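Undergrad: Here is a sequence with its predicted model. Questions after.
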Amino acid sequence: MTHADRHHLPEDSFERIDVSQSSEREKIAAPSLNFLQDSWRRLRKNKGAVVSLAVLSVIAVLAFGSIWLTPHDPTKQNISYVNLPPKIPGVSINGFNGTAKVGQQVVDKYAQAKVPADVHFFLGTDGLGRDVLSRLLMGTRSSLIIAFAAALLDVTIGLVYGLFSGLKGGRTDNIMQRILEVLSGVPNLVVMILFLTIFKPGMKTIILAMIVTGWITMARVVRAQTLKVKDQEFVLAAMTLGAPQWQIAVKHVLPNISSVVIVQMMFSIPSAIFFEAFLSFIGLGLTPPVSSLGIMLSEGYKTFRFLPHLMWVPAVTLSAVMICFNLLADGMRDAFDPKMKD
């Protein structure tokens, strides 16, 4: 037997592999995800952020849906229904069934005010006979509109300023940063109060007052991220090929810093909500009959000892909105940049 015969194997020792089976084995099991899909996958793992997103969605739907469907007219006054306690149909618990303790007796305030049986004020009425629930929905809507508008304008101005400063660099960057230092040295609250005392109080005035100095933080964050990204190879390659700076900013720098911009905007929204509530609380915000959470707090604390629900209702709503926005922003920060979690 020759050497070749000793190493010869019969044909039945081999099994032909189907081409389709081979391609199936080489397929990647995990689906290919883009940046937003991968961020959403990480965000869903954060239960606090998901719950906060759900709560904020419900609050936003109720607040903006009340434009067309509201329990009562939030601005209609009725002196016959002044300071009525909450009354929820089907609930027999004192304090939520239209009764209130007067002296040593529990009195049906709705019967005394001769309120029709089919009329219910789920959170009671205020000192002018207006429905608290309707005013709460209106006030939440006003606060959200002001906060989102102020945050959006802060992002727009800060983004343009920071991108231009970071990409230009050199003397232009130094001058622009010195301007920011001068503006940031002026107290934000003082600027808002002066702005609101000069112009007529209203939603537009509050938004403009907030963005006078509110964009400074965004501009600094964007500038820092721009300085970090513009030294990357793909940006240097675009500069070498002669791409204009606006194209580099829009197509190369902005997509790579968008996650930081979004997170910073989410953190600025609760801050804007708080400032609006504070300004309205001290009487420099919106003016009645328009409602906001700050106005309801200002009206409720005056009768807190006797009618505590008039202050607790807007206070709990304001706290819930701000906590949910902060938790959602914290979850989005971890989702967009997992390295920041440490």
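TA: Done, it's in. Numbers count the residues shown, from 1 in each chain.
Undergrad: Verify the stated contact: Ser66 with Leu137.
TA: Yes: applying Cβ atoms under 8 Å, one finds Ser66 in contact with Leu137, separated by 3.8 Å. No exception for glycine: its C-beta is placed from N, CA and C like everyone else's.
Undergrad: The two: who's more crowded?
TA: Leu137 (24 against 18; other Cβ atoms under 10 Å).
Undergrad: quick one: the more buried one and Asp73 touch, right?
TA: No: contact between Leu137 and Asp73 fails when scored by Cβ under 8 Å: they sit 11.7 Å apart.
Undergrad: for the longest helix anywhere in the chain, packing partners?
TA: The longest helix of the chain (DSSP state H) is helix 132-168. Here helix 132-168 touches helix 47-65, helix 170-184, helix 203-214, helix 216-229, helix 245-248, helix 254-281, helix 293-300, helix 309-336, going by 3 or more Cβ pairs under 8 Å, 6 or more residues apart in numbering; DSSP states H and E.
Undergrad: For Ala113, which of these is the nearest?
TA: helix 309-336 (16.7 Å; Cβ to Cβ).
Undergrad: Flag every buried residue along that closest one.
TA: Buried residues in helix 309-336, defined by neighbour count with 16 or more other Cβ atoms under 10 Å: 309-311, 313-315, 317-318, 321-322, 324-336.
Undergrad: Please apply the same query to stretch 250-258.
TA: His252, Val253, Leu254, Asn256, Ile257.
Undergrad: do the same with stretch 290-310
TA: Neighbour count says stretch 290-310 has 290-300, 307, 309-310 buried, by 16+ other Cβ under 10 Å.
Undergrad: ok so, going back, possible to save the buried residues of stretch 250-258 as TSV with pLDDT and distance to Ala209?
TA: Output for the buried residues of stretch 250-258, formatted as TSV (pLDDT from 0 to 100; distance: Cβ to Cβ, whole Å):
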residue	pLDDT	distance to Ala209
His252	81	35
Val253	84	30
Leu254	83	28
Asn256	81	33
Ile257	84	28
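Undergrad: So which of those is the closest to Ser165?
TA: Nearest member of the buried residues of stretch 250-258 to Ser165, counting by Cβ to Cβ, is Val253, at 12.1 Å.
Undergrad: Without its sequence neighbours, what residue ends up closest to that closest one?
TA: Once flanking residues are discounted, Val253 sits nearest to Val229: 5.2 Å by Cβ to Cβ, 6 or more residues apart in numbering.
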